[in-house]
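*Asks:* model the structure of this input:
(2 chains, ligands or ions: 1)
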Amino acid sequence: MAFKPFFFGLLLVFFFGCKEPHLYLTKIEGKQISISDSLSTNNEIEAFIKPYRSHIQKDLDSVLAYSAGTYTKSDGDFNTAIGNFMADAVFDEANPIFKKRTGKNIDMVLLNHGGIRSIMSKGNVTTRTAFELMPFENTLLVVEMKGTQMDSLIAYLSKSKKAHPISKLKLIIDTNFNVVEATINGKNIEDNNTYYVATNDYLFNGGDNMTFFKPNNSVHDLNYKIRNALIDHFKKVDTISPVRDDRFIQKTTKNN
Amino acid sequence: MKRRDFLQKTSVATGALTLSGFGLQSFSIPVKTSQITILHTNDVHSHIDVFGPEDGRNANKGGVARRASLIESIRRENPNTLLLDAGDIFQGTPYFNYYGGELEFKLMSMLKYDASTIGNHDFDNGIDGLYAQLPHAKFDFICSNYDFSNTIMDTHSKPYRVFKKDNIKIGVFGLGIELEGLVDKNMYKETKYLDPIETAQEMTRILKDDEACDLIICLSHLGYDFKENPNKISDLKLAAATKNIDLIIGGHTHTFLSKPTIVKNIEGKNMLVNQVGCYGINLGRIDFYFDSEKNKSAHGTSITV
Ligand SMILES: [Zn+2]
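*Replies:* Below you'll find the predicted structure:
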């Protein structure tokens, strides 16, 4: 047993002395490789994806409704058929949910012009159409606003020179972009009234410089994506034939 | 009994040494080199298919099946490769809307990802939606500054992991972005956000001192840089405020860099911050070369980007 300490000592040398030489980091190289068409496709991966892709495509292409015309967001200066369709569809789908939860009605809907992400073409309307119109995951919120806050909203719209989609609000501006008339349900907006404005989370958080929603402690999250509201709407209607109307107009002459 | 064990171990050790080419007599250390390849993605956002030829920005780019063949060829060239993702795996194509992230996780598993951190969009179906997809992920989620202890994700993510490749110990930790104000509370529930710099200091201490790592990598979803909000923590800030991190693999800001950024850490030592845009359009590749010859290291570490 006398050799044991010696042996142990030798082992220590084995394990700690020269088992592995210590390695030093001498060089770092960094680059980025583009995933381009010069790379080959891994067939196993491709085959694995295929059934998922086919299912989605089939579902996206299933026909839900028919569009009577081709509608684009550049069809009007202050309101467009496609924008009116989207804001009205949001009202139609969201109001029953809001009413069921709170007993109140949505007073108006405000979306943003930039949020219309594609045209709606004449012909079959599919789930894909909804994804193209609204690729983002934005959800609907109903914001409680005082009449004074509504004034900021109206002022924003009157100066924006954009056809932001609205529903249930009627707005007339003059050639200087000043408000001539702003009504909800045919009535002027009163400072002390509360208005329930449906919009999306992006705009509520100040998107498109819509800073008038905040500060606000009374927000109802409907947990309902705009895209899903559109899909639900497509399923209910047969033909979509929206029109540009007089919900937001500019009066060019005094007597007009 | 004890002695027999002892002798057996000795012979095993001797055998191993002989195999490694070390003579018992000679202690002159042979030149040993090692190359560790780190491959990384961020913010892939459910982009599984190649962008179509009509796409305005990324026509004919990306695609998981192509990324797979690229990774495969790099691994063939150097098996000592780690494949990492910096979060925001979810959200961006109908694949996510239809399958909730199942396909994304399954494909990442097939590509043999080693780990990912968690991005804000990975909460888009709620923390329950993330949890529900975990069975499809054969890789680890590493996040050091989200305290999930009062959530369903508790014990399903790791604060750090040590990978060993070619006797090089690689420590990986992860940092997520502050969720409040960015993600609805209903989605992330009781997830607690911890200070990234303090967390990084703690993680690098553990990885350097306790785990004796040769390389330390931070998977970050903090964002590259916030010029308009200079007080907000970012990868560049984190890099400058910490030590012992060799590489920060970033995400969140979808930043396309022409090359990885060299940043001086708090000790004045150069390290790298990288991010490769988004949507699986690019793969980042960082190679770390180790050498046993001390004279080489006397000149410090050279960085080529
Ligand atoms: Zn992202």
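
*Asks:* please make it C-alpha for all contacts and neighbour counts, starting now.
*Replies:* OK.

*Asks:* which parts of chain B are helices?
*Replies:* Counting by DSSP state H, chain B has helices at residues B:2-20, B:64-77, B:94-99, B:102-110, B:126-133, B:185-188, B:196-205, B:235-241, B:294-297.

*Asks:* can you list the ones you listed in JSON lines and add mean neighbour count, distance to chain A and mean pLDDT?
*Replies:* Formatted as JSON lines, those follow (neighbours: other C-alpha atoms under 10 Å in any protein chain shown; distance: least, C-alpha to the nearest C-alpha, whole Å; pLDDT from 0 to 100):
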{"stretch": "helix B:2-20", "mean neighbour count": "12", "distance to chain A": "7", "mean pLDDT": "40"}
{"stretch": "helix B:64-77", "mean neighbour count": "19", "distance to chain A": "5", "mean pLDDT": "98"}
{"stretch": "helix B:94-99", "mean neighbour count": "17", "distance to chain A": "7", "mean pLDDT": "94"}
{"stretch": "helix B:102-110", "mean neighbour count": "20", "distance to chain A": "7", "mean pLDDT": "98"}
{"stretch": "helix B:126-133", "mean neighbour count": "18", "distance to chain A": "12", "mean pLDDT": "97"}
{"stretch": "helix B:185-188", "mean neighbour count": "16", "distance to chain A": "10", "mean pLDDT": "89"}
{"stretch": "helix B:196-205", "mean neighbour count": "19", "distance to chain A": "17", "mean pLDDT": "98"}
{"stretch": "helix B:235-241", "mean neighbour count": "22", "distance to chain A": "17", "mean pLDDT": "98"}
{"stretch": "helix B:294-297", "mean neighbour count": "14", "distance to chain A": "6", "mean pLDDT": "54"}
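
*Asks:* looking at the ones you listed, which is nearest to A:I49?
*Replies:* Nearest to A:I49, of all the helices of chain B, is helix B:102-110, at 7.8 Å by C-alpha to C-alpha.

*Asks:* same for the host helix or strand of A:R227, what does it pack against?
*Replies:* Per DSSP states H and E: A:R227 is located in helix A:226-236. Under the contact definition 3 or more C-alpha pairs under 8 Å, 6 or more residues apart in numbering or on different chains; DSSP states H and E, helix A:226-236 sits against strand A:63-67, helix A:81-102, helix A:127-133.

*Asks:* and those: which comes nearest A:I184?
*Replies:* helix A:81-102 (13.7 Å).

*Asks:* partners of whatever helix or strand comes next after that closest one, with directions?
*Replies:* Later in the chain than helix A:81-102, the nearest helix or strand by DSSP H and E is strand A:108-110. With DSSP bridges as the test, strand A:108-110 is paired with strand A:166-167 (antiparallel), strand A:194-200 (parallel).

*Asks:* what's the burial count for B:E54?
*Replies:* Here the count is done by other C-alpha atoms under 10 Å in any protein chain shown, and B:E54 has 9 residues near it.

*Asks:* any idea how far it lies from B:K61?
*Replies:* B:E54 sits 11 Å away from B:K61, going by C-alpha to C-alpha, to the nearest Å.

*Asks:* going along the chain, name the strands of chain B.
*Replies:* Ranges of strands in chain B, per DSSP state E, are B:33-41, B:81-85, B:115-116, B:140-141, B:146-147, B:160-165, B:168-175, B:192-193, B:215-220, B:247-249, B:261-264, B:270-274, B:282-291, B:302-304.

*Asks:* the stretch 101-250 of chain A now?
*Replies:* Along the stretch 101-250 of chain A, the segments classed as strands by DSSP state E, counting those that start in this stretch run A:108-110, A:123-126, A:139-146, A:166-167, A:169-173, A:179-184, A:187-188, A:194-200, A:219-225, A:239-240, A:248-250.
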